[in-house]
Each structure stands twice: as structure tokens, then as C-alpha cells.
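K.L.:
Structure, please.
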Amino acid sequence: MNEPLPTPAWLETADAPAHGAAVLTSLCPFRDAAQPPFRVVVHCGRVFPGGGAVRGEENLAGPEVNFVFRMEKLAQRGDRPCPLSEPACRALGRHVTAEPVGEHELPGFAGRHAFYRL
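P.N.:
Residues are numbered from 1 along each chain as shown. This next block holds a predicted model:
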């Protein structure tokens, strides 16, 4: 049985962007070689602990969590195995090299949103 991996969440600290970029960079070789392939989506926003822990994992809630799930659906449709939202790209800043992949609408979120890839 395949268990989902826990979703990393970083607190707002001075070294969070460098740490997040290092994690993403280290995942790329695994993602590219994985069978079956997997996607990684990256977004930056405020979330709230919600409900009780399930199987030892903390639950997160809020609109930003929903945004991530919509991003994953967008990644599923195209050749975007590691999309970054605009807020994530800004937060990671100089620690990553990202190229724009266009603006897209996400159900439940007004307007078009810019996305990037590593």
C-alpha cells in the first residue's frame, strides 16, 4: 500500500527560502527517474492547523491549501512536473532559477495566476 508522503510546511524564518530551494533541488533527480513519475507543486501562503492529527500527521486548512490542490490538477493536465506559484517563486527568490510557463485560471480563485517551473 502506498502511503502519501507528508507535506512539508516551513515557518517564516530567514533560512526558509534556502532550505525550501535545497529540498526542491534534491527532489528533481528522484522525480525525473521515478517510476511511476510523480509531481511536486510549490506554493507559499498562510495555512491553519485544522482538526486533529490523523495517522500522526497534522491537518492543514485554509484557501491556500485549496490553491495547492488546484495547482496539482493543473500540473496533472500538462507537462509541469514541478510548478511553482508566483508567491512561491517570489519567496524562493534568488535560491531557484524558474522560468514562466504562463497564466492560468484555477477553479474557485478569481483571475489568472502566473506559474513557473524549475
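K.L.:
neighbours of Met71, just the number please.
P.N.:
Using other CB atoms under 10 Å, Met71 is surrounded by 24 other residues. Bear in mind the C-beta positions are built from the backbone N, C-alpha and C, glycine included.
K.L.:
and if you look at Ala91?
P.N.:
21.
K.L.:
Contact partners for the residue nearest to the spatial centre of the chain?
P.N.:
Note on the chain: the residue nearest the mean C-alpha position is Val42, at 1.9 Å, using CA atoms, centre = their mean. When contacts are counted by CB atoms under 8 Å, 6 or more residues apart in numbering, Val42 touches Gly20, Leu24, Cys82, Pro83, Leu84, Ser85, Ala88, Leu92.
K.L.:
Sticking with the first one, tell me its helix or strand.
P.N.:
Right, the one you point to is Gly20. Secondary structure from DSSP states H and E places Gly20 in helix 16-33.
K.L.:
got it, and the last one?
P.N.:
For Leu92, the host element (DSSP H and E) is helix 86-92.
K.L.:
pLDDT value on the residue lying closest to Leu106 once chain neighbours are set aside, please?
P.N.:
Spatial nearest neighbour of Leu106, excluding adjacent residues (CB to CB, 6 or more residues apart in numbering): Arg70 at 4.0 Å. Reported pLDDT at Arg70 in the predicted model: 92.
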